[in-house]
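**Q** here is my input, please return the structure:
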Amino acid sequence: MVLLFDELPNEIILEIFDLLNTSDLIRSFYKLNNRIDKLISETTINLINIDLTNFSKYQFNYCCEQIVSTNYNQVRSLTLSNICTFGQILVFTSMYDIGQFSNLQSITLIEPEVRQYLVIIQKSPKITYLSVTLNEVDEIEEKDIGTIILSNPLPPLLKTLKLFYNGQISIGKLGTHFNLQYLTIIADCYFTDLFHIFDCFPCINYLEIELIGIQSDIDTYLFTINSSTMPEHLQTLKINNLSVNFRAIELLLMRLNQLKELSYRSIASENNNDAHTDSNRWQSILSSYPLLEKFHMDIIIEDNSLDICELSSSFQTQYWLYHRWTIICESSVNNSNVYHLYTIPYSNSIFSTSSENLQSTSVLDVSNAYDTINYLNLNLTSHWPFITRKYLNVHTLELVNTSTNLLSSSSVISYLNKTIIFSNLKHLIIQNDLSVDIKFLEALLENAVNIRHLVIDLHYFLQLTSNFKNVHVNLLLQKMMLQKCQFRNDYLPIDVSNDFVQIFSPSLECLSLDIRTNYDLLVILPLILNKMTKLYSLEINLYESLFNDTLIILSQILKHRNITKFIYPQMIRIWK
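**A** Below is the predicted model:
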């Protein structure tokens, strides 16, 4: 006999709850019904890891007021976010003094403002792990928050720091921090800042960093490298070289002979290609590492003078074969001066490729060669390959299109079916209008039934749905149960707003869209708030600045709603 979940006895449900962390428990079961809510309040909840991302305001309030408030000492890890949950970090720090979480060891902050970051860090002296993801500039204080983080004292016991930053940072005088061992900076760092890092963190064991620099400034690099103290304990180094002269990289690497793992990524500049792809120079670098166990390379170059066979064969000498470092070199048949040189198994989670035939030196059947890839950026062209490569673990597909020839939906779907596993696909990003016939979205929805997150230009989406006149596409969209949608580069027309809301109201939780006029806003916003009952995050970008009269009406529309709102001249953000 098959039982529905809420037909199970209390004892079994409580056992299931015991296996879940707080975040999964609240997201999955809170507000299912009164009985389940009562059981949640009675269970012994695992509060070690509190992750409040992707919570509605109701879920957030329940978790904080009913669970966290009476169990400060249990919390070891805390994750807070201002993405979609707009203002969450401010609300949380207003409710609690972070110092009350006396056993807190790990903090993850996503898009914090400067003041929020400083308040939390100054009251968290015991943490050993810190991860911060943020924009280029604090929108409120107009400050470079990435630089602020690396110019202020860090918690004294911190061992791991991860900084993901969409911009350029400079590293200030932090003082010496002996405990930090693992550092990730995915941001634009000057090459010379690397040596500030070595000075500040002399015990660093793991470093992942993006580097920028001036190509011609080799004398400065040479002096800096030769006069700097290298970290003695560094074992893993991962470099994404955005513009540093390879000679400087080479000199640096030759001084780090204690490395056990090296990963090097680069899009090589025109005047520096030979160095990046010189197998003899790479052999000299790697031969200086007696302890090296892992080596990963990922280089894209553009050079008319290179020959793919010669380039490939230079990495197939006895040295490379002995160390079992398999280097793949490939280029597009129709763009043969652009080469992609990389080791397999591929080491990165993001991979960019084309549907064209590739000239490839891959001769080995390495079953796990591309298993790490979960984000595939795919350029659809009018040239389909004779042999397709399978990416088994892709859950995010980003489609771009440079072809001017109209492609048939059936051919695109057939190619995708050979390339990815449709049922694994959760996120779909369409970067521009694809040169595919109008049946494409319908065919895609019929195959990729588990997509939960869609990013697409609105005008193209309306074109593919025939302005919601295609009944079959409408049914497929409703059946798909999309949770997050970001519609870009066009404004939602009033005449389709009712259909839009009706189609997405059963499941949509996060929505970002553009609206043209104040009048359109006052028509569409109440419709969304009243009809889309599962929606907890709404971001509206406006073409017109808000009028004073509109602000007055907005205050009435939003009055008495349990929401956090941010109203800017041309943007509205709501978390409810």
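**Q** skipping adjacent residues, who's closest to His472 in space?
**A** Using CB to CB, 6 or more residues apart in numbering and skipping residues adjacent in sequence, the residue nearest His472 is Glu442, 6.3 Å away. Where C-beta positions appear, they are placed from N, C-alpha and C, glycine not excepted.
**Q** for the lengthiest helix in the chain, buried residues please.
**A** Ranked by residue count under DSSP state H, the longest helix found in the chain is helix 518-531. Neighbour-count burial for helix 518-531 flags 518, 520-521, 524-525, 527-529 (criterion: 16 or more other CB atoms under 10 Å).
**Q** next: stretch 198-211.
**A** Buried, per 16+ other CB under 10 Å, within stretch 198-211: 198, 200-202, 204-211.
**Q** hang on, Lys439 packs against Ser409?
**A** Yes: look at Lys439 against Ser409 with CB atoms under 8 Å: they come within range, at 4.3 Å.
**Q** domain assignment for the protein?
**A** The record's domain parsing of the chain by automatic domain parsing lists 349-361+369-448, 452-456+468-576.
**Q** could you work out the end-to-end span of the last one for me?
**A** The reference is to domain 452-456+468-576. Using CA to CA, to the nearest Å, the end-to-end distance of domain 452-456+468-576 comes to 20 Å.
**Q** distance between that domain and the chain's centre?
**A** 24 Å (CA atoms, centre = their mean, to the nearest Å).
**Q** let me see the mean pLDDT of it.
**A** Regarding domain 452-456+468-576, the rounded mean pLDDT is 95.
**Q** same question, the shortest one
**A** Model confidence over domain 349-361+369-448, given as mean pLDDT, is 89.
**Q** show me the beta-bridge partners of Leu130.
**A** Ile107, Leu161 (DSSP bridges).
**Q** how about the one 4 residues further on?
**A** In this entry, Leu134 is beta-bridged to Tyr165, by DSSP bridges.
**Q** strands of the stretch 351-500 of the chain, start to end?
**A** For the stretch 351-500 of the chain, the strands defined by DSSP state E, counting those that start in this stretch occupy 358-360, 375-380, 396-401, 427-430, 453-457, 484-491.
**Q** dump these into CSV; add distance to Ser170 as well.
**A** Converted to CSV, the strands of the stretch 351-500 of the chain look like this (distance: least, CB to CB, whole Å):
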stretch, distance to Ser170
strand 358-360, 40
strand 375-380, 29
strand 396-401, 31
strand 427-430, 32
strand 453-457, 32
strand 484-491, 32
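**Q** tabulate those (TSV), appending distance to Gln318 and mean neighbour count.
**A** Below are the strands of the stretch 351-500 of the chain laid out as TSV (distance: least, CB to CB, whole Å; neighbours: other CB atoms under 10 Å):
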stretch	distance to Gln318	mean neighbour count
strand 358-360	22	16
strand 375-380	35	20
strand 396-401	40	20
strand 427-430	44	19
strand 453-457	48	19
strand 484-491	51	17
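**Q** residue ranges with poor pLDDT in the stretch 151-300 of the chain?
**A** Low-confidence segments of the stretch 151-300 of the chain, defined by pLDDT under 70: 172-174, 214-219, 221, 227, 269-274.
**Q** and the strands in it?
**A** 160-169, 182-190, 206-212, 236-241, 261-267, 294-302.
**Q** next helix or strand past the longest helix of the chain?
**A** Sequence-wise, the next helix or strand downstream of helix 518-531 (DSSP states H and E) is strand 537-542.
**Q** the helix or strand following that following strand versus helix 518-531: what angle between them?
**A** Going down the chain from strand 537-542, the next helix or strand is helix 548-558, by DSSP H and E. On the basis of axes from the mean of the first three to the mean of the last three CA atoms, to 10 degrees, helix 548-558 is oriented at 0 degrees to helix 518-531.
**Q** and helix 548-558, what does it pack onto?
**A** helix 518-531, strand 564-568 (3 or more CB pairs under 8 Å, 6 or more residues apart in numbering; DSSP states H and E).
**Q** out of the ones you listed, which gets nearest to Ile148?
**A** strand 564-568 (21.4 Å; CB to CB).
**Q** next helix or strand past the closest one?
**A** The helix or strand immediately downstream of strand 564-568 is strand 571-575, counting by DSSP H and E.
**Q** can you list the neighbours in contact with that next one?
**A** Strand 571-575 has contacts (CB atoms under 8 Å, 6 or more residues apart in numbering) with 57, 84-88, 521, 525, 529, 536-542, 554, 558, 563-566.
**Q** at 10 Å instead, please
**A** Strand 571-575 is contacted from outside by 55-57, 60, 82, 84-88, 91, 139, 510-512, 515, 521, 525, 528-529, 535-542, 546, 554, 558, 561-567, using CB atoms under 10 Å, 6 or more residues apart in numbering.
**Q** that strand pairs with which strands, and in what direction?
**A** Short version: by DSSP bridges, strand 571-575 pairs with strand 537-542 (antiparallel), strand 564-568 (antiparallel).
**Q** redo the domains of the chain as a markdown table? Include distance to Arg247.
**A** A markdown table is the format used below for the domains of the chain (distance: least, CB to CB, whole Å):
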| stretch | distance to Arg247 |
| --- | --- |
| domain 349-361+369-448 | 27 |
| domain 452-456+468-576 | 40 |
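**Q** hang on, Ser124 packs against Thr108?
**A** No: Ser124 is not in contact with Thr108 according to CB atoms under 10 Å; the separation is 12.0 Å.
**Q** between these two, tell me which one has more neighbours.
**A** Ser124 (20 against 17; other CB atoms under 10 Å).
**Q** doesn't the more buried one lie inside a helix?
**A** No: using DSSP: H, G, I helix; E, B strand; the rest coil, the secondary structure at Ser124 is coil, not a helix.
**Q** next up, the contacts around it.
**A** Contacts for Ser124 (CB under 10 Å, 6+ apart) come out as 78, 98-99, 101, 104-107, 130, 155, 157-158.
**Q** check it and give its pLDDT.
**A** pLDDT, read off for Ser124, is 94.
**Q** what of Ile45?
**A** Reported pLDDT for Ile45: 58.
**Q** same check on Leu14?
**A** 73.
**Q** what does Leu130 give?
**A** Confidence score, pLDDT, at Leu130: 97.
**Q** list the contacts for it?
**A** Taking CB under 10 Å, 6+ apart as the test, what Leu130 contacts is 106-109, 117, 120-121, 124, 149, 154-155, 158-163, 180.
**Q** go again using 6 Å as the cut-off
**A** Counting by CB atoms under 6 Å, 6 or more residues apart in numbering, Leu130 touches 107, 158, 161.
**Q** same check, this time on Thr184
**A** Per CB under 6 Å, 6+ apart, neighbours of Thr184: 162, 208.
**Q** heads up, I number from 16, so please use that
**A** All right, first residue 16 from here; so that's Thr199.
**Q** list the buried residues in stretch 504-520.
**A** Using 16+ other CB under 10 Å as the test for burial, stretch 504-520 gives 506-508, 511-512, 515-516, 518-520.
**Q** quick one: terminal-to-terminal distance for that stretch?
**A** 22 Å.
**Q** ok, now stretch 354-373?
**A** In stretch 354-373, first residue to last residue: 10 Å (CA to CA).
**Q** Ile31 should be in a helix, yeah?
**A** Yes: Ile31: assigned to a helix according to three-state DSSP.
**Q** count the neighbours of it for me.
**A** Neighbours around Ile31, by other CB under 10 Å: 15.
**Q** how close does it get to Tyr390?
**A** Separation of Ile31 from Tyr390 (CB to CB, to the nearest Å) stands at 32 Å.
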